[in-house]
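Participant: Give me a 3D structure for the following:
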Amino acid sequence: MSAKKNDLRQMVVGAIEGDYAISAETVSRLRAASEKEISTLKMVFSISIGLFNLMVWDILPTKIPIELRWVVGAGSLFVALFFPILGIRRHQRRLYQLADSPRNPKRARADEAGRRYFDKVKQQGRYFIRLETEILEGEPLSD
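Facilitator: Next up, the predicted model:
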């Protein structure tokens, strides 16, 4: 994961290099967006499985040709298994990165820009997020 360049990592590195701290409102807004996306993807999964069951068991009051039932059922099964699973994994990873770090980064392990960033976050009075801790200490992001 540390080799991947994602938008969160770029945002934190940009904040460290740009000499500004990410606000607590931004972190909570990103968390809320990921949680909302996870619930949306769970809903897509449920609807797709429901449509798949309708097509397989043929409990609709109108008769649908079997070929159409198989096509719609296979498509809904594909949508239920592909998009939500990958999307939920991605957003759970983002929530992990945005979670409050159980420990503060070690100031001595950070470079000069990292130390300035450390001070700015402390001035805001918020906790460090896991991604900030990993970047400031130069450790690979554990997943």
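
Participant: Could you check how far the residue of the chain positioned farthest from its centre is from residue 69?
Facilitator: Largest separation from the mean C-alpha position in the chain: residue 63, at 41.7 Å (Cα atoms, centre = their mean). Applying Cβ to Cβ, to the nearest Å, the value for residue 63 to residue 69 is 10 Å. From N, CA and C alone the C-beta is placed, and that goes for glycine too.

Participant: mind listing the helices in the protein by residue range?
Facilitator: Listed in chain order, the helices of the chain (DSSP state H) span 7-17, 24-57, 66-98, 112-124, 130-137.

Participant: what about the protein, any weak spots by pLDDT?
Facilitator: Applying pLDDT under 70 to the chain flags the ranges 1-5, 139-143.

Participant: So which residue is dead centre in it?
Facilitator: Geometric middle of the chain (Cα atoms, centre = their mean) lands on residue 91, at 2.1 Å.

Participant: how far away is it from residue 39?
Facilitator: Counting by Cβ to Cβ, the gap from residue 91 to residue 39 is 10 Å.

Participant: what's the answer for residue 62, then?
Facilitator: Distance from residue 62 to residue 39, by Cβ to Cβ: 32 Å.

Participant: now swap in residue 70 and tell me
Facilitator: According to Cβ to Cβ, residue 70 and residue 39 sit 30 Å apart.

Participant: same question, residue 84
Facilitator: In terms of Cβ to Cβ, residue 84 sits 11 Å off from residue 39.

Participant: Could you check which of the two is surrounded by more residues?
Facilitator: residue 84 (20 against 12; other Cβ atoms under 10 Å).

Participant: Next up, the contacts around the more buried one.
Facilitator: Counting by Cβ atoms under 8 Å, 6 or more residues apart in numbering, residue 84 makes contact with 41, 42, 44, 45, 48.
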